[in-house]
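*Asks:* let's see this in three dimensions:
(2 chains)
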2 protein chains.
Amino acid sequence: MKRNVTLKDVAALAGVSFKTVSNVVNHRDDQMTAQTRERVLKAINELGYQTNHSARSLKLGRTGVIGLAVPGFAQPFFGYLTDEAAVAAQEHGLELIVSVYEHLNNGLDTFVRKAPQLGADGWIIFNDQPLPPTASLFHQSFPIVVSGNRSVHGLLDLMSTPNTQGSRLGTQWLIDGGNDIVAFIGAPKPLFDIDDEREREQAVLDATDESAILHLKGYIQALHARGRTVDWRYVMPCSTISTPPGERAAHRLLERCRDARIAVPSAIMCANDAVAYGVISAVSQAGLSIPGDVEIIGFDNLPGSQYVVPPLSTIDQHVDRYVSKAIDRLLARIDGDDSEPRTYMLDADLIERGTTRRHG
Amino acid sequence: MKRNVTLKDVAALAGVSFKTVSNVVNHRDDQMTAQTRERVLKAINELGYQTNHSARSLKLGRTGVIGLAVPGFAQPFFGYLTDEAAVAAQEHGLELIVSVYEHLNNGLDTFVRKAPQLGADGWIIFNDQPLPPTASLFHQSFPIVVSGNRSVHGLLDLMSTPNTQGSRLGTQWLIDGGNDIVAFIGAPKPLFDIDDEREREQAVLDATDESAILHLKGYIQALHARGRTVDWRYVMPCSTISTPPGERAAHRLLERCRDARIAVPSAIMCANDAVAYGVISAVSQAGLSIPGDVEIIGFDNLPGSQYVVPPLSTIDQHVDRYVSKAIDRLLARIDGDDSEPRTYMLDADLIERGTTRRHG
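*Replies:* This next block holds a predicted model:
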């Protein structure tokens, strides 16, 4: 079979970088000289490279199908991610197939072994487990972009999420709005095995991995940026960052305030929207008003968050742009880009809704 | 290419029914004579039919991959269905790929046109829209089992859900437990365009199609079975049977009771669990106790329903068995079963949790 013509082949013949060729085929060529563009187009013609995705898939024996692998759909975030990936794939002229893996023995390991028979040109794989550099995920011959917050040891492209930046943004905004006590709900439980509070804090600040602790890191960074210290009585662990543990953690926090006769926090930063749903429920049941007595901010901006009562203020990590970027990277890898793997992260923004007051 | 050997070929050679062959290869042969079993096994040997799914896929050029198509994941039910389908596929020795279609122009029509290029041997397709017999879904050359409550006009196998039976069961149980007024939340809105209440009731009793109205039908059947009439002041419409409309409908119902000075219902049957989550929230916010003042029953038994506060009593439609049965039917069709299409429906059971009282 004739070897597939890749963007890399075009770049080699034209004597330009992969990025330059990619810019030409994606019509982002307004920053380059006419001469460079001409050279790239000539090489494309000479090699018979096809830029249209569906035409390309026919010509080069590709399927025009990409895959998305997620652990499962128990967490509403993965439904949201999948729906947005379907839209983004369509916008790229591609078909999307989805696979779930957490029910398999050895989960992701088993999945990556089976993935080639599912017929996609490449896979975006969400990973929420710590993996060593020897894990099979990192040693496959098909194109992969990893999604999530776990280290890929520089072995693959990683689409990371702005957990730390987002939680810092939300916490600072709550402090700047006049809240003396901002609590955090959704810290990882194992962290509390570290008895010494200074050591525990340092462990959080040193973290580079794992969703919940990166959120907590942003919370602590915000306290420091505003000249405050961490009061661990207001930092609540959750077994998983989902709704029922969030509700139980909020109940525990309010009990603690009553029993220890310490002030109820006037604001709560949550590790994600799912946790925030539970926090809203617990705070309402305690007879406190939202946002009058307690302000609450989530993270993710799930589609359902605008419909809860009151509508949830949250950090938007722009999942639409996130999956679109992941698909761009995957297509580049499918097209033969063999540059060093990189980590990508988008900015996060605060969405003000009904669980926060208007801040001057 | 050599034609695939199917169960139908085996049945023809052995001179037995397709069902008999299927029972043999699936080890459900304890009800047949040794002679019949022998004849089937002989035909299987003669034709070289392979009963092991993965071996079969290698031998016959099949992929060993089946597909599940759902509208999208905005409704938590579809995440639950997908997770259960992944488990059931694994138990059948198959791989599962998932596709979403509601973001596509012409949704399902576009999907079925593209499905063959996704490389599965056949598809389980959830459909929640009314489709005429001419719809492209019903005229494809690849094996399809339809899931949902919409009519397939006898053109394909349909895995239906026990909406009517389940809502009848729950409502009767609430009446038998001593509730004088049982409300229903999650009726379809267009129904209320029928002004005459007798006509409206008849329209519900005549319905054979559409999820929400089939639930309401079970509610009305239960009232009739217990010698009661429908009081439409206690039947609340929802734009979609999801959490925020459920919460708003419950608020409206409680306002109506206050404004019209009629009794608050002591029990509420909900069209599904998602609606029930909103109803729990609204009833709690109104200062009523659950289940002391108001009992609540959902439908679906979503995984999250055991974790809401209080844990939700609900009708379990056994989604695990449901998808397993759908896969059985799909495999039979892939294996060449060309018997008349049929509709399958499993039984539903009441799961008593914290939103209902113990009934004598």
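
*Asks:* neighbours of A:Asn149, how many?
*Replies:* 23 (other C-beta atoms under 10 Å in any protein chain shown). Every residue, glycine included, has its C-beta placed from N, CA and C.

*Asks:* what's the helix or strand for it?
*Replies:* Of the helices and strands defined by DSSP states H and E, none includes A:Asn149.

*Asks:* quick one: it and A:Gly292, what's the gap?
*Replies:* 34 Å (C-beta to C-beta, to the nearest Å).

*Asks:* need the residues of the stretch 251-360 of chain A near chain B, please.
*Replies:* A:281, A:284-285, A:303-304, A:307-309 (C-beta under 8 Å from any C-beta of the partner chain).

*Asks:* does A:Asp209 touch A:Asn149 like I think?
*Replies:* Yes: at 6.5 Å, A:Asp209 counts as touching A:Asn149 under the criterion of C-beta atoms under 8 Å.

*Asks:* just the helices in the stretch 101-250 of chain A please.
*Replies:* A:107-114, A:163-176, A:197-206, A:211-225, A:243-259 (DSSP state H, counting those that start in this stretch).

*Asks:* mind listing the strands for chain A?
*Replies:* In chain A, the strands defined using DSSP state E lie at A:65-70, A:95-100, A:123-126, A:144-147, A:157-160, A:182-188, A:235-238, A:267-270, A:295-299, A:313-316, A:343-345, A:349-351.

*Asks:* most neighbours, which of the residues of the stretch 251-360 of chain A next to chain B?
*Replies:* That'd be A:Ser281 among those, by other C-beta under 10 Å, with 25 neighbours.

*Asks:* got the contact list for the nearest residue to A:Trp173 once chain neighbours are set aside?
*Replies:* Excluding the flanking residues, the one nearest A:Trp173 by C-beta to C-beta, 6 or more residues apart in numbering or on different chains is A:Leu350, at 5.9 Å. Going by C-beta atoms under 8 Å, 6 or more residues apart in numbering or on different chains, A:Leu350 touches A:169-170, A:173, A:297, A:313-316.

*Asks:* beta partners for A:Leu350?
*Replies:* Beta bridges link A:Leu350 to A:Ile315 when assigned by DSSP bridges.

*Asks:* kindly provide the distance from it to B:Lys19.
*Replies:* A:Leu350 is 61 Å from B:Lys19, by C-beta to C-beta.

*Asks:* before we move on, what about A:Asn301?
*Replies:* 51 Å.

*Asks:* and what of A:Gly15?
*Replies:* From A:Gly15 to B:Lys19 the distance is 68 Å (C-beta to C-beta).

*Asks:* any regions of chain A where pLDDT drops low?
*Replies:* Low-confidence segments of chain A (pLDDT under 70): A:1-6, A:22-23, A:25-31, A:49-61.

*Asks:* in it, which residue is most central in space?
*Replies:* Closest residue to the average C-alpha location of chain A: A:Thr161 at 3.2 Å, with C-alpha atoms, centre = their mean.

*Asks:* residues near the nearest residue to that one once chain neighbours are set aside, how many?
*Replies:* Distance criterion C-beta to C-beta, 6+ apart; nearest residue to A:Thr161, sequence neighbours excluded, is A:Gln317 at 5.5 Å. A count of nearby residues for A:Gln317, using other C-beta under 10 Å, gives 23.

*Asks:* so what's A:Gln317 up against?
*Replies:* Counted by C-beta under 8 Å, 6+ apart, A:Gln317 has contacts A:161-162, A:166, A:299-301, A:346, A:348.

*Asks:* out of the residues you listed, which one sits closest to B:Phe126?
*Replies:* Proximity of the contacts of A:Gln317 to B:Phe126 (C-beta to C-beta) peaks at A:Asp300, which lies at 25.4 Å.

*Asks:* wait, that closest one sits on A:Gly79?
*Replies:* No: taking contacts as C-beta under 8 Å, A:Asp300 lies outside contact range of A:Gly79: 11.5 Å.

*Asks:* which one of the two has more residues nearby?
*Replies:* A:Asp300 (28 against 25).
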